[in-house]
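*Asks:* 3D model of this:
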Amino acid sequence: MPHTSVGLLWDESVYASQVDPRRPAAFFSAPRSRGISVLVAPVMAVTGSVPVLRVALVLLSAAGLYAAFRVWGRVLGDGVAAFAALLFGGLWITQISGSQVMPNLWVALGAVAATGWFLRCPGEVRARWWLAAVLAAVTLVRTPDGALLALPLLVAAAAVRSWRPALPAVLAGPLLGAAQWVAEAYLRFGGVRERLRVSSATEGDMGLHMNIGTVLRSLDGPLLCRPCTAPGPPVLMTLWWWSLPVLTAAALLAAHRERRLRTALLPVVCAGCLSFSYLFLIGYSAPRFLLPAYALLTLPIAWLTARALAAGRGRRLPLVAAVGLLVALQLGSQQAVLHHMARRTAATAGVYQRAAHDLHELGVRPPCLLTGPRALPIGYAAGCASAQLRGNNRSTTEAELRRRSGIQPTAALVSAGSTARPYYAHGWTRYVMRRTGWTVYVAPLR
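*Replies:* Below is the predicted model:
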C-alpha cells in the first residue's frame with residue numbers, strides 16, 4: 001500500500017474526474033475506456049478523499065488477485081495457482097498499480113480469470129456465465145485489450161471441439177462490454193473507424209516499431225516513458241524479464257511431454273496477443289503495459305516449478321531451497337524498485353498539490369479554468385476545469401478560451417523553467433508560484 005496519501009497523477013485524474021461530482025470532468029481522449037471510472041464511481045460518490053480511494057482500491061485489487069488466480073486452482077492445483085499469484089503480486093508495478101486509478105492491473109486480473117474459466121467451461125455450466133462476465137468487464141475497462149483477449153479464445157473455441165461450449169460466452173461478453181465504447185465512438189468521433197484513427201494518432205501513429213529496447217529501459221520506471229530517455233536498469237535487474245521467454249518455452253515443452261500442452265499454451269498465446277502492440281506497434285512504454293502478459297505467464301512458469309520440485313525426489317530439499325532463494329531475491333529486488341518509485345510518484349503528486357495551493361492563493365479557485373503544460377492533473381487538484389489548444393488533449397479553441405477567461409478565473413501554465421508568455425495570454429498577469437517556482441499567467445476578470 002505505497003504512499004496512499006498522495007494526490008492523483010495525470011491519467012488517474014482523467015479517470016477519476018469522469019465520476020467525481022466535486023470537479024469538472026477532464027477531456028477524455030479516444031484511446032481511453034471508461035471501465036476504471038465505473039469501478040471507482042461508488043467511492044467517488046461518497047468522498048473525494050484520495051487516501052480513502054487508494055485504500056479501497058488496495059482492498060479491491062487484493063481481492064481481485066485472490067479471485068482471479070483461485071479460478072486456476074481447479075486447473076493447476078491450489079498450490080500452483082497461489083505460487084503464480086505470488087510471482088505476479090510480487091512485481092513492483094503490480095503493487096504500485098493496486099492503489100492507482102488505472103486500468104492495466106484489472107485487465108491483467110481479468111485475463112487470468114477469463115482463461116481459467118474458459119478451460120473450465122467443458123465441465124462446468126457456471127463457468128460459461130463467469131467467462132462472459134469477466135470478458136465483458138475486461139472490455140469495459142480497456143476495449144482494445146478486451147478484443148485482443150477474446151480473439152485467441154474465439155479461435156480456440158472454434159478449433160477445439162471440447163472447448164466449443166465456451167463459444168457463446170466468448171462472443172457475448174466482449175460485445176456487451178464494448179457497447180458503451182462503440183456508442184461513444186459514434187456520438188463523439190463519428191464512428192468506430194474514426195475513433196480508432198484518432199486513437200492511433202494519439203498513440204503517435206501506431207505502426208511497426210521495435211519497442212523492446214524501450215520496454216527494457218522503463219522496466220524500473222518511470223511510470224510513463226514518453227519520450228523514453230531513461231538509462232534503464234542494471235543488467236542484473238533485467239534477468240527476470242529475460243527469463244520469462246526461456247521459462248515459458250520450458251513449461252510448454254514439459255506440458256507437451258505430459259499431454260497438457262493446450263492448458264499451458266492458452267495463457268501464453270493470450271499473453272502474446274495482449275503484449276504485441278506494446279512491443280511492436282508503439283514507440284514509447286510504461287511498466288504497466290505488460291501487466292496482463294506477466295500475469296498470464298506466471299501460470300505455466302508456476303506449474304513448471306511445481307513439476308520440477310515434484311521430480312526432484314531425493315534432491316527435493318536443495319531444489320526447494322534454491323527456488324526459495326531465487327524467489328526471495330526477486331521479491332527483494334522488486335521491493336527496492338517499489339520503494340524508489342513510490343517516492344518518485346509521491347514527489348510528482350506533491351508538486352501538483354503545491355501548484356494547486358499556489359493557484360488558490362492567486363485567486364484561481366473553483367469554478368475556474370486551467371490551460372498549458374500539466375494543466376490536467378493540477379487542474380484536478382485545484383478543482384478547476386482543464387482545456388488545451390493543441391496536442392493529444394486538444395479540447396478547445398482560442399476564441400472559446402478567451403470567452404471563458406472573461407467569466408471565470410483562468411490561468412495558463414508554462415513549461416518548467418520557461419517564462420515565455422503564451423500567444424493567447426496578452427494582458428494576463430504574470431506570477432511566479434511560491435511553492436513550485438513555476439510561471440503562470442492569470443487572466444483578468446471582466
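*Asks:* which residues in this structure form strands?
*Replies:* 369-371, 385-386, 410-413, 429-432, 439-442 (DSSP state E).
*Asks:* wait, doesn't residue 101 sit right on residue 38?
*Replies:* No - Residue 101 lies out of contact with residue 38 (C-beta atoms under 8 Å); the separation is 11.4 Å. Where you see a C-beta, it was placed from the backbone N, CA and C, and this is true even at glycine.
*Asks:* Comparing these two, which residue is more hemmed in?
*Replies:* Between residue 101 and residue 38, residue 101 has the larger neighbour count (other C-beta atoms under 10 Å), namely 25 against 16.
*Asks:* wait, what's in contact with the more buried one?
*Replies:* The contact partners of residue 101, taken as C-beta atoms under 8 Å, 6 or more residues apart in numbering, are 8, 11, 12, 15, 16, 36, 40, 53, 57.
*Asks:* Which residue comes closest to it once chain neighbours are left out?
*Replies:* Once flanking residues are discounted, residue 101 sits nearest to residue 12: 4.1 Å by C-beta to C-beta, 6 or more residues apart in numbering.
*Asks:* Name the residues that touch stretch 376-386?
*Replies:* 7-10, 12-14, 16-17, 22-24, 26-27, 352-353, 355-356, 359-360, 364-371, 375, 388, 393, 409, 411, 413.
*Asks:* Alpha carbons only: can I get that stretch in CSV?
*Replies:* Output in CSV follows, covering the C-alpha atoms of stretch 376-386 (Å, rounded to 0.1, in the frame of the first residue of the first chain):
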residue,chain,number,x,y,z
LEU,A,376,-4.9,18.4,-16.3
PRO,A,377,-3.6,17.0,-13.1
ILE,A,378,-3.0,20.4,-11.5
GLY,A,379,-6.5,21.4,-12.6
TYR,A,380,-8.0,18.4,-10.9
ALA,A,381,-6.0,19.0,-7.7
ALA,A,382,-7.2,22.7,-7.7
GLY,A,383,-10.8,21.8,-8.6
CYS,A,384,-10.6,23.5,-11.9
ALA,A,385,-11.6,22.5,-15.4
SER,A,386,-8.7,22.0,-17.9
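*Asks:* Could you tell me how many residues sit around residue 340?
*Replies:* For residue 340, the count of nearby residues is 13 (other C-beta under 10 Å).
*Asks:* Apologies, that question was intended for residue 22.
*Replies:* Residue 22 has 10 neighbouring residues, counting by other C-beta under 10 Å.
*Asks:* correct me, but it touches residue 48?
*Replies:* Yes - the pair residue 22 / residue 48 is scored as a contact, 5.0 Å apart, by C-beta under 8 Å.
*Asks:* returning to that earlier point: need the contacts of residue 101 in JSON lines with neighbour count and distance to residue 111, can you?
*Replies:* Output for those, formatted as JSON lines (neighbours: other C-beta atoms under 10 Å; distance: C-beta to C-beta, whole Å):
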{"residue": "8", "neighbour count": "23", "distance to residue 111": "25"}
{"residue": "11", "neighbour count": "21", "distance to residue 111": "20"}
{"residue": "12", "neighbour count": "21", "distance to residue 111": "22"}
{"residue": "15", "neighbour count": "26", "distance to residue 111": "20"}
{"residue": "16", "neighbour count": "24", "distance to residue 111": "24"}
{"residue": "36", "neighbour count": "28", "distance to residue 111": "15"}
{"residue": "40", "neighbour count": "20", "distance to residue 111": "20"}
{"residue": "53", "neighbour count": "23", "distance to residue 111": "24"}
{"residue": "57", "neighbour count": "25", "distance to residue 111": "19"}
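*Asks:* Tell me the one of the residues you listed nearest residue 156?
*Replies:* Closest approach to residue 156 among the contacts of residue 101 (C-beta to C-beta): residue 36, at 27.7 Å.
*Asks:* my guess is the closest one meets residue 15, correct?
*Replies:* Yes - using C-beta under 8 Å, residue 36 makes contact with residue 15 at a distance of 4.9 Å.
*Asks:* Look up the residues that both of the two are in contact with.
*Replies:* 101, 102, 103.
*Asks:* per-residue pLDDT, the first one?
*Replies:* Here, the pLDDT recorded for residue 101 equals 97.
*Asks:* Which segments of this structure make up each domain?
*Replies:* With domains defined by automatic domain parsing, the chain comprises 10-347, 362-442.
*Asks:* From residue 48, how far out is residue 425?
*Replies:* 30 Å (C-beta to C-beta, to the nearest Å).
*Asks:* How about residue 301?
*Replies:* As for residue 301, its distance to residue 48 is 41 Å (criterion: C-beta to C-beta).
*Asks:* Between those two, tell me which one has more neighbours.
*Replies:* For residue 301 versus residue 48, the count of surrounding residues by other C-beta under 10 Å is larger for residue 301: 23 against 15.
*Asks:* Verify the stated contact: that one with residue 86.
*Replies:* No - taking C-beta under 8 Å as the contact criterion, residue 301 and residue 86 are not neighbours in contact, 11.4 Å apart.
*Asks:* check contacts around residue 305.
*Replies:* 83, 323.
*Asks:* which one in this structure is furthest away from the centre?
*Replies:* The C-alpha centroid of the chain is most remote from residue 314, which lies 44.0 Å away (C-alpha atoms, centre = their mean).
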